[in-house]
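> Model the following, please.
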Amino acid sequence: MNILHLEPDSYDAKSKEIIESIGRVDYVKCRTQIEFINKLESKNYEVIFIGLGLRIDENVLNKNTQLRWIISPTTGLDHLDVDIISERNIRLISLRDEKEFLASVLTTAEHTWALLLSLVRNLFVAHKSVLQGTWRRGDYFCGELRDKTLGIIGFGRLGKIVADYGLAFGMEVLIYDKENQTLDKNNLPLIQCELNELLSKSDVVSIHLPLNDSTYGFISKKRLGLMKKGSILINTARGELLNEKALLEALVNSDLAGAGLDVLSGETYWNEKIPDSHPLIEYAKRDDNLVLTPHIGGYGKESVFLTRRFVTRKFFEKVSKSKSTV
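Modelled structure (predicted):
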């Protein structure tokens with residue numbers, strides 16, 4: 001098989017060895033969608049290894065008519081047109097629903113906590129002041145997390161890990177889960193509640209929902225308006241879950257104390273370049289209560305190599321199985 005591999009730096013030697021045993025591999029680093037499309041002009045591939053930042057949509061599939069496998073080491077699939085992929089009988093390997101394996105992948109949960117601590121402790125502002133020649137702690141009289149309330153929206157894998165962190169910091173933890181998962185009250189002192197109650201009572205709200213038709217725009221202007229005045233919002237899931245215009249209004253009006261975002265709406269189409277005059281980014285240049293990072297939550301060394309090995313082995317097993325049944 002002809003294989004196009006778009007993440008050569010994220011796969012270790014053993015994973016590459018396995019992939020190369022299956023077919024002829026072209027390792028290509030495409031930083032933009034245009035570079036990706038141009039690569040497809042010269043050759044048809046039966047397999048594409050892809051990560052976040054590039055898209056496989058109808059345009060790509062029309063250019064690459066021999067595609068039979070897509071491997072994406074991600075839980076979110078918003079960079080893939082899943083409906084068209086399914087219609088064309090292309091097999092997709094990802095991390096979605098791999099609950100047992102993903103229980104050992106912690107990096108996005110750790111980044112959630114990093115964003116929260118950076119806001120609560122004024123870390124970026126204090127660091128900047130030191131670099132500017134000031135050694136004065138009086139400007140950074142910060143809050144503490146102990147005895148505060150953490151509200152977690154979405155009690156899947158990441159929500160459960162973040163809940164553990166909240167308990168370790170001495171916080172009360174409220175849970176809202178769209179699927180109404182029942183909590184094991186024998187193990188953790190968590191409180192399950194309705195969404196409106198969680199929003200109104202939480203000092204920190206952290207979003208851990210998957211993006212789909214039912215969750216698009218889930219944190220609406222109305223729901224942001226229910227949040228406790230002076231609270232903090234953290235989003236390391238997907239930007240499209242959040243009404244960003246309403247968030248900006250809440251920050252400008254000091255309804256929220258701050259926000260930490262690792263994701264922004266539409267970032268899949270940015271080709272590594274921020275759009276001109278993005279409202280939230282422009283606000284963050286002027287004010288210190290909004291921390292933005294470029295979707296690096298899941299980009300920890302250990303987790304990256306671990307997830308890539310997992311999808312590689314899964315691909316190898318499925319290809320081997322399909323050959324044996326022919």
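> helices and strands around the strand or helix carrying residue 110, which ones?
Following DSSP states H and E, one finds residue 110 within helix 107-120. Judged by 3 or more CB pairs under 8 Å, 6 or more residues apart in numbering; DSSP states H and E, helix 107-120 is in contact with helix 157-168, strand 204-207, strand 231-235, strand 256-261, strand 290-292. C-beta here means a position set from N, CA and C on the backbone, and glycine is covered the same way.
> show me where pLDDT drops low in the chain?
Within the chain, the stretches with pLDDT under 70 are 180-188, 324-326.
> What are the structural domain limits within it?
2-98+301-324, 106-292 (automatic domain parsing).
> now the ones you listed as JSON lines including mean neighbour count?
Formatted as JSON lines, the domains of the chain follow (neighbours: other CB atoms under 10 Å):
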{"stretch": "domain 2-98+301-324", "mean neighbour count": "16"}
{"stretch": "domain 106-292", "mean neighbour count": "17"}
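> distance of the residue nearest in space to the middle of the chain from residue 140?
Here the mean C-alpha position of the chain is nearest to the C-alpha of residue 237 (CA atoms, centre = their mean), at a distance of 4.2 Å. Distance, residue 237 to residue 140, using CB to CB, to the nearest Å: 29 Å.
> same thing with residue 323?
61 Å.
> Only alpha carbons, please: show the top helix by length along the chain as CSV.
Ranked by residue count under DSSP state H, the longest helix found in the chain is helix 301-324. Taking Å, rounded to 0.1, in the frame of the first residue of the first chain, the C-alpha atoms of helix 301-324 are listed here in CSV:
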residue,chain,number,x,y,z
LYS,A,301,5.8,13.9,24.9
GLU,A,302,4.8,10.7,26.7
SER,A,303,1.2,11.0,25.6
VAL,A,304,2.0,11.7,22.0
PHE,A,305,4.3,8.7,21.5
LEU,A,306,1.9,6.5,23.5
THR,A,307,-1.2,7.4,21.4
ARG,A,308,0.7,7.0,18.2
ARG,A,309,2.0,3.6,19.1
PHE,A,310,-1.6,2.6,20.0
VAL,A,311,-3.1,3.6,16.7
THR,A,312,-0.2,2.1,14.7
ARG,A,313,-0.6,-1.3,16.4
LYS,A,314,-4.3,-1.1,15.9
PHE,A,315,-3.9,-0.4,12.2
PHE,A,316,-1.4,-3.2,11.9
GLU,A,317,-3.7,-5.7,13.6
LYS,A,318,-6.7,-4.7,11.4
VAL,A,319,-4.7,-4.8,8.1
SER,A,320,-3.3,-8.2,9.1
LYS,A,321,-6.7,-9.5,10.0
SER,A,322,-8.2,-8.3,6.7
LYS,A,323,-5.4,-10.0,4.7
SER,A,324,-6.0,-13.3,6.5
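> Now do the SS call for residue 26.
Here residue 26 is strand, with the state taken from DSSP: H, G, I helix; E, B strand; the rest coil.
> Surely it and residue 3 touch.
Yes: Residue 26 lies in contact with residue 3 (CB atoms under 8 Å); the separation is 7.0 Å.
> show me where this structure has helices.
13-20, 33-42, 58-63, 82-87, 99-102, 107-120, 123-131, 157-168, 195-201, 221-225, 244-252, 279-286, 301-324.
> export the ones you listed to JSON lines and tack on distance to residue 209?
Converted to JSON lines, the helices of the chain look like this (distance: least, CB to CB, whole Å):
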{"stretch": "helix 13-20", "distance to residue 209": "30"}
{"stretch": "helix 33-42", "distance to residue 209": "26"}
{"stretch": "helix 58-63", "distance to residue 209": "27"}
{"stretch": "helix 82-87", "distance to residue 209": "17"}
{"stretch": "helix 99-102", "distance to residue 209": "15"}
{"stretch": "helix 107-120", "distance to residue 209": "13"}
{"stretch": "helix 123-131", "distance to residue 209": "26"}
{"stretch": "helix 157-168", "distance to residue 209": "9"}
{"stretch": "helix 195-201", "distance to residue 209": "11"}
{"stretch": "helix 221-225", "distance to residue 209": "12"}
{"stretch": "helix 244-252", "distance to residue 209": "15"}
{"stretch": "helix 279-286", "distance to residue 209": "19"}
{"stretch": "helix 301-324", "distance to residue 209": "20"}
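> Between those helices, which one is closest to residue 266.
Smallest distance to residue 266 across those (CB to CB): 9.5 Å, for helix 244-252.
> and that closest one, what does it pack onto?
helix 221-225, strand 256-261, helix 279-286.
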